[in-house]
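[1] Any chance you could fold what I've pasted below:
(4 chains)
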Protein chains: 2
Amino acid sequence: MASEPSAIAEQKAEAVEAKPLRADARRNRDRLVEVAVSVFAERGIDGSLEEIARRAGVGIGTLYRHFPTREHLVEVVYRREVEALCAAAGELAQKHPSDVALEQWMQRFVDYIATKRGLATSLRIVLTTNSTLFSDTFGRVSQALRRLVEAAVADGTIRGDVDASDVLHALGGIYSAPDTPEWRDRSRRLVKLLMDGLRFGAAKAK
Amino acid sequence: MASEPSAIAEQKAEAVEAKPLRADARRNRDRLVEVAVSVFAERGIDGSLEEIARRAGVGIGTLYRHFPTREHLVEVVYRREVEALCAAAGELAQKHPSDVALEQWMQRFVDYIATKRGLATSLRIVLTTNSTLFSDTFGRVSQALRRLVEAAVADGTIRGDVDASDVLHALGGIYSAPDTPEWRDRSRRLVKLLMDGLRFGAAKAK
DNA sequence: CACTAAAACGGAGGCGCCTCCGTTTATTAC
DNA sequence: GTAATAAACGGAGGCGCCTCCGTTTTAGTG
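    Predicted structure coming up:
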């Protein structure tokens, strides 16, 4: 069922048709998403929608007009965060040597998953229900990772016999690992370990 | 998380420890389950718990004491229905020749799934969340089917080179088929077709 | 500016969820 | 039978969900 939102068009005006919102509407909508990010972060994905409306300083009716169901709102928030994660890849690539960029991005990935940890169950249900959302984000993340890996392979800071899928596969373990207290540290170490492996035997050996 | 209920002990007193309920408590509990069956059937798995309590003539507090969460109640109802389905296998086996018993039971299986059709999504979530429930019921259904198949094979009314898993595999398609208007008819025909195949080449050829 | 239609707002109200706790009832002991 | 007590009852109340609709605001138009 539900699959309308197509929130790719977030920040700017864009290609596909979508009549521009009235100024007040756009303002409120943005504010709602803004607030939703924090409320979901604090209270979990089941946080009260009324609280979101309240904090955003709009009526509950306004929230519902913009996001007919909780899932619509969750989807927009989720997409926006994935977007930010992927955008970070570009920035890191400019500011750091390619291998460092890759490493930092992976650490960021860990941080990102960390915030989603508690909500995993509910989020998993949303992702199961909305497979477009799943494949979209999977695609985006893969692409960001691919760029980083290919750049690093190209300039010889990591070995050449691996590709993005290999790395993604390794990161998969981070996502599905059980939710223990040490999870975060363990994951950070895993990234380092992975990087050591990737650097070993690189053209530009250290 | 939640997995306590263990509602195997339904109708009678049983092996494992569980202090007998006070008379009024047992009465109310039974009544609640009774009513829940119809409400879930009419309104879907999201039917109002308050309505269930109301119809059962008890306070909402009583419902919650017996079933701390909606899932607990759903689980009990679900188990009871599966139980009934499996029990039917025994009865059919006594009243009919073994191949007919098998066929009728499979038709009953179709009917059973039919009632669950609309709720599939929610129910799937419950089953995903509670894997014990899933494996328990899977086991029970398999067993019922196995008895029927083996009896029919034994007295030669169906061919001998198949076993219960084969049949279950075939029935699996019924469960996962898309929810079209013709679903029910198609499924009934599938059962017939399957039976023809099973009878073909049986020892006691017709 | 002034006016107007369309768009957007927002909160009251109805319903369901769930907890908490004062009241009632079944059971056990005498 | 009666008294004592543990068990069970049930509904009020607080909160969140969501819809509906009267009111307000915006963006054009003259």
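
[2] which non-adjacent residue is nearest residue A:48?
    residue A:39 (7.5 Å; C-beta to C-beta, 6 or more residues apart in numbering or on different chains). In this view, the C-beta of every residue, glycine as well, is placed from N, C-alpha and C.

[3] Just the pLDDT for the one you found.
    Listed pLDDT for residue A:39 reads 96.

[4] so it makes contact with residue A:50?
    No: under the criterion of C-beta atoms under 8 Å, residue A:39 makes no contact with residue A:50, lying 10.3 Å away.

[5] relative to helix B:120-129, how tilted is the helix or strand bottoming out on mean pLDDT in chain A?
    The weakest-scoring helix or strand in chain A, judged by mean pLDDT, DSSP states H and E, is helix A:120-129 (a mean of 76). Angle, helix A:120-129 to helix B:120-129, by axes from the mean of the first three to the mean of the last three C-alpha atoms, to 10 degrees: 140 degrees.

[6] Does DNA strand D have contacts with helix A:120-129?
    No: shown here: helix A:120-129 not in contact with DNA strand D (C-beta under 7 Å from any atom of the strand), separated by at least 12.3 Å.

[7] Nearest spatial neighbour of the residue nearest to the spatial centre of chain A, chain-adjacent residues omitted?
    For chain A, the residue lying nearest the average C-alpha position, counting by C-alpha atoms, centre = their mean, turns out to be residue A:82 (2.3 Å). Of all residues not flanking residue A:82 in the chain, residue A:137 sits nearest, at 4.7 Å (C-beta to C-beta, 6+ apart).

[8] thinking again about what came up before, just checking, the residue nearest to the centre of chain A touches residue A:140?
    Yes: contact criterion C-beta under 8 Å: residue A:82 and residue A:140 qualify, at 5.9 Å.

[9] Mutual contacts of the two, please.
    Counting by C-beta atoms under 8 Å, 6 or more residues apart in numbering or on different chains, no residue touches both residue A:82 and residue A:140.

[10] quick one on the thing from earlier: touching DNA strand C at all, the least confident helix or strand of chain A?
    No: Helix A:120-129 is not in contact with DNA strand C by C-beta under 7 Å from any atom of the strand; minimum separation 13.5 Å.

[11] State the mean pLDDT of the longest helix along chain A.
    Longest helix in chain A, counting residues (DSSP state H): helix A:70-95. Averaging pLDDT along helix A:70-95 gives 95.

[12] Does DNA strand D have contacts with it?
    Yes: with C-beta under 7 Å from any atom of the strand as the criterion, DNA strand D is reached by helix A:70-95 at residue A:70.

[13] quick one: that helix to chain centroid distance?
    Its chain's C-alpha centre and that of helix A:70-95 lie 4 Å apart, by C-alpha atoms, centre = their mean, to the nearest Å.

[14] got the angle between that helix and helix A:120-129?
    100 degrees.

[15] Identify each buried residue in the helix or strand just after helix A:70-95, please.
    For helix A:70-95, the following helix or strand on the C-terminal side (DSSP states H and E) is helix A:98-116. Within helix A:98-116, the residues scored as buried using 16 or more other C-beta atoms under 10 Å in any protein chain shown are A:98-99, A:101-106, A:108-110, A:113, A:116.

[16] burial count for residue A:35?
    If you count neighbours by other C-beta atoms under 10 Å in any protein chain shown, residue A:35 ends up with 19.

[17] again with the one 10 residues further on
    In terms of burial, residue A:45 registers 22 neighbours under the definition other C-beta under 10 Å.

[18] Likewise for residue A:21?
    13.

[19] which SS class is it?
    coil (DSSP: H, G, I helix; E, B strand; the rest coil).

[20] Please name the residues that touch it.
    With C-beta under 8 Å, 6+ apart, residue A:21 has these contacts: residue A:29.

[21] Cheers, nothing more for now.
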